[in-house]
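Undergrad: the sequence and its predicted three-dimensional model are supplied below.
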Amino acid sequence: MLRDLYQQGSAKARLPTTFDGGPPEAVLINLAGGLTGGDRLRQSANFEEGTHAIVTTQAAEKVYRASKGAAPARITNSLTVEAAVSEWLPQETIFFDGARLHRTFEAALTKDARLLACEATVFGRTAMGETVHHGYFRDDWRITVDGRLIFADGFCLDGAIQDQLDRPAIAAGGRALAVVLYVGLDSEDLITLAKGVLEPFQAAGKRAAASRIGDLIIARFIAADGLALRSMLDAYLSTIKRGAAGAPKLWRC
């Protein structure tokens with residue numbers, strides 16, 4: 001049950017009816033159709049005790065070319081999770097040539113909470129022949145459990161984006177990246193499943209790996225394009241959710 005909803009500007013949320021017995025979903029919508037230099041988008045959700053819900057987006061977020069000298073667009077996503085099951089599964093962010101973006105994800109959990117969070121980024125639409133030659137992209141993560149920091153991560157590409165993605169130690173030519181985090185007391189049981197579902201992708205030469213630190217499972221993915229990335233993510237998310245539907249239905253619309 002939704003207790004409170006506040007929305008302002010181009011940021012909206014809708015709550016579609018679910019008919020398959022799955023958890024309720026909140027769908028985030030940016031009516032502006034995308035972001036550019038200097039724009040600010042802040043989204044937050046509080047999962048109260050006993051809740052199980054999914055937050056996703058209506059479409060892929062688009063970050064367009066910024067004007068010369070413009071500050072990066074800012075996307076700030078924050079969650080609080082109180083003895084609940086939270087799923088943060090937005091569609092990917094599409095990053096255009098010349099774009100500038102600083103994205104932040106923060107989550108504050110209680111010890112008995114569970115979090116499944118995914119952030120994916122596609123650098124140019126390969127089907128449209130696009131290449132991201134230059135830009136600025138920064139992605140920061142901060143996760144706390146009972147006030148204790150358990151995960152802090154930062155990734156930054158500045159300048160010649162595709163040249164950096166082509167480097168073997170970064171993306172080896174991949175144009176679609178994703179990070180998936182799982183936090184929960186059952187992480188020890190899930191890590192074997194997580195690694196197992198990734199083995200066929202690794203055997204096929206695709207780049208995906210998962211590791212566990214305490215109650216945290218970190219999985220990273222690199223793919224040639226957004227379609228290949230979605231295929232891996234859908235299989236991985238379904239496994240982490242123990243056979244339930246992986247990606248939200250809106251990912252397929």
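TA: Right, received. Where do you want to start? Quick caveat: nothing in here was measured; it's all calculated off a predicted structure.

Undergrad: I'd assumed Thr121 was in contact with Leu229.
TA: No: taking CB atoms under 8 Å as the definition, Leu229 is not a contact partner of Thr121, at 9.2 Å. C-beta here means a position set from N, CA and C on the backbone, and glycine is covered the same way.

Undergrad: what is in contact with these two at once?
TA: Jointly contacting Leu229 and Thr121 under the rule CB atoms under 8 Å, 6 or more residues apart in numbering are 92, 176-178.

Undergrad: contact partners for the spatially most central residue of the chain?
TA: Nearest to the geometric centre of the chain sits Glu119, at 1.3 Å (CA atoms, centre = their mean). Neighbour list for Glu119: 90, 93, 103, 105, 139, 178-179 [criterion: CB under 8 Å, 6+ apart].

Undergrad: tell me what the longest helix seen in the chain is packed against?
TA: Ranked by number of residues, the top helix in the chain under DSSP state H is helix 187-203. Where contact means 3 or more CB pairs under 8 Å, 6 or more residues apart in numbering; DSSP states H and E, helix 187-203 is packed against strand 207-213, strand 216-223, helix 226-240.

Undergrad: report the rounded mean pLDDT for it.
TA: Regarding helix 187-203, the rounded mean pLDDT is 95.

Undergrad: tell me which of the shared contacts of Leu229 and Thr121 is nearest to Gln43?
TA: Glu92 (15.6 Å; CB to CB).

Undergrad: per-residue pLDDT, the closest residue to that closest one other than its chain neighbours?
TA: Closest residue in space to Glu92, ignoring its immediate chain neighbours: Ala120 at 3.9 Å, by CB to CB, 6 or more residues apart in numbering. Ala120 carries a pLDDT value of 97.

Undergrad: look up how far Phe95 lies from Ala120.
TA: Note on Ala120: its distance to Phe95, by CB to CB, to the nearest Å, is 11 Å.

Undergrad: so those two - more neighbours on which side?
TA: Shown here are Ala120 and Phe95; by other CB atoms under 10 Å, Phe95 has more neighbours (27 against 22).
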